[in-house]
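Peer 1: With the sequence up front, the predicted model follows.
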Amino acid sequence: MSNNLRIMKSVFSYDLLIIGGGISACVFASKYLQNNISKKIALIEVGRRLGGRSSTRISRKFKEWKLNHGAPNFNISNSKDNLLLKNYINQLLDNRFIEIDDSELINLGDENKLETFKKSKFYCGDSYRSSFSMGELSQKIIDFNNLRDKIDLFFGTFIVDLKFNNNRWILTSNNGDKFKSKYLICTTNFLLHKRSLKILNINQIPLRKAIPKNKDKNIDLLLNFLDKQSFIPRLTFLIYTKEKYSYKDFYSKKYRYFYLNRSLENKYKFERIIFQLQDNKKLGIVLHTKNIDFINSYINAKDEEFFKQGIFANFNELFSNNNSVNQLTCNEGISIMQWRASQPSGFAVPLSLQLIKKYRIGFCGDWFEGEGFGRIEGSILSALILEEKFKTHSNNF
């Protein structure tokens, strides 16, 4: 009897399904809940928590640590003064979900070019950080309008197949569970992109399998744009320092950002290094790399411990003569995060392809066109725009 129960697969039915648990998904879900209090929705996320590439590692091994291992903050340029975006950011500020990030920003190797550096797309405008952790920010955004517990969150759930039958979407997870819904929102483009072929070991992109070619010209256009879109692979190293580790100086703000110029990045393999002060007053360090040779050397490493010691050695050499950063003992704890997909690059998808009414499917994320392409600003704005479109057209589907 117990064996039969263990292998039974579940079937879940909802009014709306959202695939992905990043910032874009959470913003869309929250706004949808605000305007559809009678609807039942679900959010499906392959990871353990919300946040996506803006998530927080709450280590099982290293207790009481919360390290933002994706984006620790975000900037909003909003150069076109979009009122939808402006009002939403003000709402987050008014509710004290976010705050201005006035942390120190240091450009290693090109200190004289710091002002030019700050004008780049990732730093222009206003910078914000979560008043909590980045993962908690995503949860707060959903909870703000989830007053009637109308959303179910499925973590550790990997959708591997899509079908559209009789005007309903049917999703299948890797363990065989089925999710049925009238409407579908994809905030990740994994199931729409050719990279899914290798990861899932299939011969047809899931969305293409669900909606064959020439059935809808906008779906065809969407997939054509995504076929040209690539991603910047990244590794993140999270260092849990010893109790007495601190700065050489008296810096006391929550974060401290070090960015390496191209020459130093090529030498030491790190793109940026972010110091994160914990609630327990310990100092965590998160190192990001997008160096493809370095990433491959990790993937192919036969001795992971030896590889980790190389990370410590690079860190110590980089900061050997720095006036603010102390050396590591190389006995600190360290964990490594390998991202399945990182920042989109290349072709952005036009916003006109966000909503396909015929198939009751919508899309949002930082992979859409606009000044927020590849950034949290784009994730938030595309979610707000999609929810407005959905609100206008859903009764006519």
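Peer 2: Okay, I see it. All values derive from a computational prediction rather than experimental measurement.

Peer 1: which residues of the chain fall in helices?
Peer 2: 2-7, 23-35, 83-94, 114-118, 134-143, 195-200, 206-210, 217-227, 262-268, 292-299, 304-318, 376-393 (DSSP state H).

Peer 1: so which of the ones you listed gets nearest residue 182?
Peer 2: With Cβ to Cβ as the measure, helix 376-393 is the member of those nearest residue 182 (12.1 Å). Heads up, the C-betas are built off the backbone N, CA and C, glycines and all.

Peer 1: Mind giving me the packing neighbours of the closest one?
Peer 2: helix 23-35, strand 73-76, helix 83-94, strand 355-356, strand 361-363 (3 or more Cβ pairs under 8 Å, 6 or more residues apart in numbering; DSSP states H and E).

Peer 1: wait, which of these is closest to residue 55?
Peer 2: Nearest to residue 55, of all the helices and strands packed on helix 376-393, is helix 23-35, at 9.6 Å by Cβ to Cβ.

Peer 1: got the CA positions of the closest one in PDB?
Peer 2: Written as PDB, here are the backbone C-alpha positions of helix 23-35 (Å, rounded to 0.1, in the frame of the first residue of the first chain):
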ATOM      1  CA  ILE A  23      11.900  39.000  -9.500                       C
ATOM      2  CA  SER A  24       9.800  39.200 -12.700                       C
ATOM      3  CA  ALA A  25       7.600  36.300 -11.700                       C
ATOM      4  CA  CYS A  26       7.100  37.700  -8.200                       C
ATOM      5  CA  VAL A  27       6.200  41.200  -9.400                       C
ATOM      6  CA  PHE A  28       3.700  39.700 -12.000                       C
ATOM      7  CA  ALA A  29       2.200  37.400  -9.400                       C
ATOM      8  CA  SER A  30       1.700  40.200  -6.800                       C
ATOM      9  CA  LYS A  31       0.100  42.500  -9.300                       C
ATOM     10  CA  TYR A  32      -2.200  39.700 -10.600                       C
ATOM     11  CA  LEU A  33      -3.200  38.800  -7.100                       C
ATOM     12  CA  GLN A  34      -4.100  42.500  -6.400                       C
ATOM     13  CA  ASN A  35      -6.600  42.500  -9.300                       C
END
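
Peer 1: which strands and helices sit next to it?
Peer 2: Using 3+ Cβ pairs under 8 Å, 6+ apart, helix 23-35 sits against strand 11-19, strand 41-44, helix 134-143, helix 376-393.
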